[in-house]
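Peer 1: Could you work out the structure for the sequence below:
(chains A and B)
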Amino acid sequence: MATQEAVVTRPMTVTVNGQARFAEVETRLLLVHFLRETLGLTGTHIGCDTTSCGACTVLLEGTPVKSCTVFAVQAEGRQITTVEGLMSNGALHPIQQGFHEEHALQCGFCTPGMMLTSVALLAENPSPTDEQIRWAISGNVCRCTGYQNIVKAVQHAAAKLREET
Amino acid sequence: MATAHEIRGMGHSVPRKEDQRFIRGKGNYVDDVSLPGMLHMELLRSPYAHARIVVIDASRAQALPGVVAVVTGEALAAHNLAWMPTLSGDTQAVLATDKVRFQGQEVAAVIAETAYIAKDALELIDVEYDVLDAVPTPQQALAEGAPVIRDDKEGQTSNHIYHWEAGDREATERAFAEADKVVSLDTFYPRCHPAPLECCGCVADVNPATGKTTIYMTSQAPHAHRTLFALVAGLPEHQIRIVSPDLGGGFGNKVPIYPGYVCATAASLLIGRPVKWIEDRTGNLISTGFARDFHMHGELALRGDRMTGLKVKLLSDNGAFFADAQPTKFKAGLFHIVTGSYDIPAAFVEADGAYTNKAPGGVAYRCSFRVTEASFMIERLVQNAAYELGVDPADLRMKNFIKPEQFPYESATGFVYDSGDYPKALELALGKLGYKELRKEQAEARAQGKLIGIGLACFTEVVGAGPGKEYQIAGLRMFDSAELRVHPTGKAILKLGVKSQGQGHETTFAQIIAQELGIPYEDVEVMEGDTDNTPYGLGTYASRSTPVAGAAAAMISRELRDKAQKIAAHLLEAAEGDLEWEPGRFVVKGSPERAVTIQDIAFAAYTNVPDGLQAGLEGVHYYDPPNMTFPFGTYAVVVEIDRGTGAWKVRRVVAVDDCGYRINPMIVEGQIMGGLTEGYGIAAMELITFDEDGNCIGSTFMDYLLPTAWETPEFELDETVTPSPHHPLGAKGVGESATVGSPAAYVNAVVDALAHAGVRNIDMPVTSDKVWQALAEVGLAE
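Peer 2: Numbering: from 1, shown residues only, chains lettered A, B, ... in the order given. Presented below is the predicted three-dimensional model:
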């Protein structure tokens, strides 16, 4: 219980989508709230509070983490990528194109987390099988699409990324 | 008429317009709304299922720095807001005053400068409860001497809510008396939850100077909610503006009005600052609109292999307040569609509802008002009838289908089915599946001790309510609307009374306008959800957007096209009757070089209208459907059972859907795959249950399991097209077909694997342990 104790804050520095950000934050502030409320990056969503659904997934040093279960201060000095950081030079990332072209989203609420998990998978495994994709995204819940088109979208992005390199 | 690729009307799989903001993280969901001076609200919920409130002491919470107010039921009662009406004509506590009646019920609201402080303050509210015996099942609730849950209601002496009947009791009894076989099934369709990935929430902003009340809220029915707010809170309706922003899914969960919305609005009114309330997942699962919770007994009368009668008895668990979201006069929703795809001459349904110490709601989780339970009952019953008769389940269905030439078909419970071709859909599914070979494989596998099951479901839905004279919610007739404004440069904005939760309205409805007026779909913006800026409508649920608002969009396009023809005649100096419409232009018959485009006509509508004609190319249409639409299809599922563990694995899912003409086939298929997944979740794992004290088990996603990409099977889709004869576009609605039809197919598949040993039922969710028990009982467990 944090109730009547004095609020503890500390300064922190973190690089979000390539930009250094400084803030004085409560030590108990969750990373997802830091991103959404402090920095105004509302593309990261909250779906469950129990690390189950993956709507809040962001990349911490390239690794997907569920930002509802990470304290903001734990990101001190590290690199974070959110959905807002996927585009480069005004162009959509291949995963964004894949999700659009393969109809891999409906309500869009799981989409940012789903795309970031997929980006991390493709960085590690540029030619995944459908089964490997399904396993990789199994910590991200989608209630609308039934996943089949999400698998296609990740394959779409994988092919595009292989072409680019 | 098919439109060109540049226009892309009906039948084109156009990528979705709305994607552009979602893939960039630029959606605008309710939690993304932030207003200057905004406060945050959190709700204190009851830990008990049934208890008397002795005293609430909020003084410690009130003293916490950053807390602005603590609101209790008593405070609301002073403004006559402690109770609110439900969509089923009952009352529901906004904040409990006398008793708490389910675990998770709203007891107090804290309004603070931050959500963190508000949550801290919840722990400082001291509530003394006098705990009462909980009544967690309808059987206990209706037993003699059960504690009366709703002792707040004058004259309420039991927990019985309603008795409701449909069909013809006598004719059905006669059919049973004359039957040579009766097959029966007792099954419980358990409580599950729509669990959209985004929980419910709102930002209420009452302007203290003007009284204008703007409520950003997760609403599938913003116009109806505005009216209800006016009635509940006594606010003048013209000063209420509901804005339903991007919704992170709904599936029925965002149809009702919840206490959180009312508390936040009352708080904003009293404090004079905007108040945000965002529900957490536990709040969502334990207090908002659940689905199903029907205890069902069905009997099918047979003469030879002909179905001659059907009777079903239902016991509905409605929770502590009767808050089902459904047309008022149908107490068990549209369950009486239970005769399904079959020509059964006599049928009778009787339903009773009971109060229990559980959350209220009774929303249709991706379903048109209890059609899912009905479809499940008949498809399970027919499957079991085949086993009892020793005939193939596909053959029995084929023999008893309503035949294509029988449409329009009046069912024994009074529905008039608009159109259908059930044999065609079943044949297509069986062919695609390789049904005969599979049956052979099943027999061979069985001989080797391996268990394979094939499950079918040949569902028929009833969707797209109204007509308004028959279907009303809280007195509001179930029409819907479309307002179309074609601007001088030929671009258009379409405003709707419905509200997408992910269905892709911005794309599909633009394609309707493209189809009807020839304006390219890119040039049509679709707007919904803002009650100040869209025409009145009843909202999106029960697969009604395309059947009702889609028809309204087509009708207003046609009205504007009639006006465009007059302007075209003026521009071409021709008689109106000499003009022919081609997608996007009027042409003088026989002189193809003399033509004007819809864009030229739009410009003339504001710059060069003929004498006697009003300027502009705008209008609104309120569409009251003449009948419901009846989508149908066949789902076939193949499973393999592990005799050692009872685990079942889906090998194949073949889904043939007939939803009439498809406006955007890609979006339609997306809807079907989503529904097949939720159907799988319901069949395999989704369960809200309670212990004997009424504690909710299933209050987080660690207990309430949802299918992930790992478990979810691959789907093989196909289609037949039987247009609705009364819908202007021949469309029927598709959003819920797969959740309605598929649970029976999955369960039938598992039961089919064990049927030769005499297994006839396993209740949902069909978990491995239940299957193992069933295997063990018939000596098949390893």
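Peer 1: burial count for the residue of chain A found nearest chain B?
Peer 2: At 2.0 Å from chain B, A:G43 is the closest residue in chain A, using Cβ to the nearest Cβ. From N, CA and C alone the C-beta is placed, and that goes for glycine too. By the measure other Cβ atoms under 10 Å in any protein chain shown, the count of residues near A:G43 is 26.
Peer 1: Validate this expectation: it resides in a helix.
Peer 2: No - counting by DSSP: H, G, I helix; E, B strand; the rest coil, A:G43 is not part of a helix but coil.
Peer 1: What sits closest to it if chain neighbours are left out?
Peer 2: B:G25 (2.0 Å; Cβ to Cβ, 6 or more residues apart in numbering or on different chains).
Peer 1: Now do the contacts for that neighbour.
Peer 2: A:41-44, A:82-84, A:86, A:112 (Cβ atoms under 8 Å, 6 or more residues apart in numbering or on different chains).
Peer 1: List the residues that contact the residue of chain A closest to chain B.
Peer 2: A:82-84, A:112, B:24-27.
Peer 1: Closest one of those residues to B:Q472?
Peer 2: Nearest to B:Q472 out of those is B:G27 (Cβ to Cβ; 33.3 Å).
Peer 1: doesn't B:V33 make contact with that closest one?
Peer 2: No - with contact defined as Cβ atoms under 8 Å, B:G27 does not count as touching B:V33 (11.5 Å).
Peer 1: Between these two, which is the more surrounded one?
Peer 2: Using other Cβ under 10 Å as the criterion, B:G27 and B:V33 rank with B:G27 on top: 25 against 20.
Peer 1: How about the more buried one, nearest residue that isn't a chain neighbour?
Peer 2: That would be B:D246: by Cβ to Cβ, 6+ apart, it lies 4.5 Å from B:G27.
Peer 1: ok, now B:A554?
Peer 2: Computed as Cβ to Cβ, 6+ apart, the closest residue to B:A554 that is not its neighbour in sequence is B:P728, at 4.3 Å.
Peer 1: Give me the domain ranges for the chain.
Peer 2: Just so you know, I chose chain A. If you go by automatic domain parsing, the domain ranges for chain A are A:9-85, A:94-164.
Peer 1: please go with chain B instead
Peer 2: Using automatic domain parsing, chain B is parsed into the domains B:19-24+B:480-623, B:33-132+B:199-247+B:254-287, B:291-403+B:423-465+B:627-777.
Peer 1: TSV for those domains, including mean pLDDT and distance to B:H12?
Peer 2: Compiled in TSV, the domains of chain B are given as follows (pLDDT from 0 to 100; distance: least, Cβ to Cβ, whole Å):
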stretch	mean pLDDT	distance to B:H12
domain B:19-24+B:480-623	97	7
domain B:33-132+B:199-247+B:254-287	97	24
domain B:291-403+B:423-465+B:627-777	97	7
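Peer 1: Redo those as TSV? Include distance to A:E37.
Peer 2: TSV is the format used below for these (distance: least, Cβ to Cβ, whole Å):
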stretch	distance to A:E37
domain B:19-24+B:480-623	20
domain B:33-132+B:199-247+B:254-287	8
domain B:291-403+B:423-465+B:627-777	23
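Peer 1: To A:T129, which of those lies closest?
Peer 2: Closest among the domains of chain B, using Cβ to Cβ: domain B:291-403+B:423-465+B:627-777, at 12.9 Å.
Peer 1: How far away from the center of its chain is the closest one?
Peer 2: Distance, stretch centre to chain centre, for domain B:291-403+B:423-465+B:627-777: 15 Å (Cα atoms, centre = their mean, to the nearest Å).
Peer 1: ends of that domain, how far apart?
Peer 2: Criterion Cα to Cα, to the nearest Å; first-to-last residue distance in domain B:291-403+B:423-465+B:627-777 is 31 Å.
Peer 1: okay, A:Q4: pLDDT?
Peer 2: pLDDT for A:Q4: 52.
Peer 1: CA atoms only for the helix or strand encompassing B:A482, dumped as PDB, please.
Peer 2: Following DSSP states H and E, one finds B:A482 within strand B:480-486. The C-alpha trace of strand B:480-486 is given here as PDB (Å, rounded to 0.1, in the frame of the first residue of the first chain):
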ATOM      1  CA  ASP B 480     -31.600   3.500 -38.600                       C
ATOM      2  CA  SER B 481     -30.400   6.400 -40.600                       C
ATOM      3  CA  ALA B 482     -28.000   7.900 -43.100                       C
ATOM      4  CA  GLU B 483     -27.400  11.500 -44.100                       C
ATOM      5  CA  LEU B 484     -25.500  12.100 -47.300                       C
ATOM      6  CA  ARG B 485     -24.000  15.400 -48.300                       C
ATOM      7  CA  VAL B 486     -22.500  15.700 -51.800                       C
END
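Peer 1: mind listing what it pairs with, with the direction of each?
Peer 2: strand B:492-496 (antiparallel), strand B:618-623 (antiparallel) (DSSP bridges).
Peer 1: packing partners for the helix or strand following the shortest one?
Peer 2: Sequence-wise, the next helix or strand downstream of strand B:492-496 (DSSP H and E) is helix B:505-517. Where contact means 3 or more Cβ pairs under 8 Å, 6 or more residues apart in numbering or on different chains; DSSP states H and E, helix B:505-517 is packed against strand B:480-486, strand B:492-496, strand B:524-527, helix B:551-572.
Peer 1: Give the helix, strand or coil label for the residue nearest to A:G43.
Peer 2: coil.
Peer 1: Distance-wise, check it relative to B:Q501.
Peer 2: For B:G25, the distance to B:Q501 equals 19 Å [Cβ to Cβ, to the nearest Å].
Peer 1: what sits against B:Y536?
Peer 2: Going by Cβ under 8 Å, 6+ apart, B:Y536 touches B:223, B:481, B:497, B:622.
Peer 1: The stretch 151-300 of chain B: strands as residue ranges?
Peer 2: Ranges of strands in the stretch 151-300 of chain B, per DSSP state E, counting those that start in this stretch, are B:160-167, B:181-192, B:201-206, B:213-217, B:240-243, B:275-278, B:291-303.
Peer 1: Run through who's touching the fifth one.
Peer 2: Read that as strand B:240-243. Strand B:240-243 has contacts (Cβ under 8 Å, 6+ apart) with B:212-217, B:219, B:222-223, B:225-226, B:229-230, B:529-532.
Peer 1: in that strand, what's buried?
Peer 2: B:240-243 (16 or more other Cβ atoms under 10 Å in any protein chain shown).
Peer 1: re the thing from before, taking the contacts of B:G25, tell me the two that lie furthest apart.
Peer 2: Farthest pair in the contacts of B:G25 (Cβ to Cβ) is A:T42 and A:L86. Separation: 14.9 Å.
Peer 1: what number of residues lie near B:G272?
Peer 2: The tally of other residues near B:G272 (other Cβ under 10 Å) stands at 12.
Peer 1: Disregarding flanking residues, what is the spatial nearest neighbour of it?
Peer 2: Nearest one to B:G272, counting by Cβ to Cβ, 6+ apart, is B:P208 at 3.9 Å.
Peer 1: got the phi/psi numbers for that neighbour?
Peer 2: Per-residue torsions, B:P208: phi -70, psi -20 (degrees, to the nearest 10).
Peer 1: And the one 10 residues further on, by the same measure?
Peer 2: Comment: the main-chain dihedrals of B:T218 come out as phi -80, psi 90, following degrees, to the nearest 10.
Peer 1: spatially speaking, which residue is in the middle of chain A?
Peer 2: Geometric centre of chain A, nearest residue: A:V58, 2.6 Å, by Cα atoms, centre = their mean.
Peer 1: returning to what we had before: so of the domains of chain A, which one's packed in deepest?
Peer 2: domain A:94-164 (a mean of 22; mean count of other Cβ atoms under 10 Å in any protein chain shown).
Peer 1: distance between the ends of it?
Peer 2: 10 Å.
Peer 1: That one: how far from the chain's middle?
Peer 2: The answer for domain A:94-164 is 12 Å, by Cα atoms, centre = their mean.
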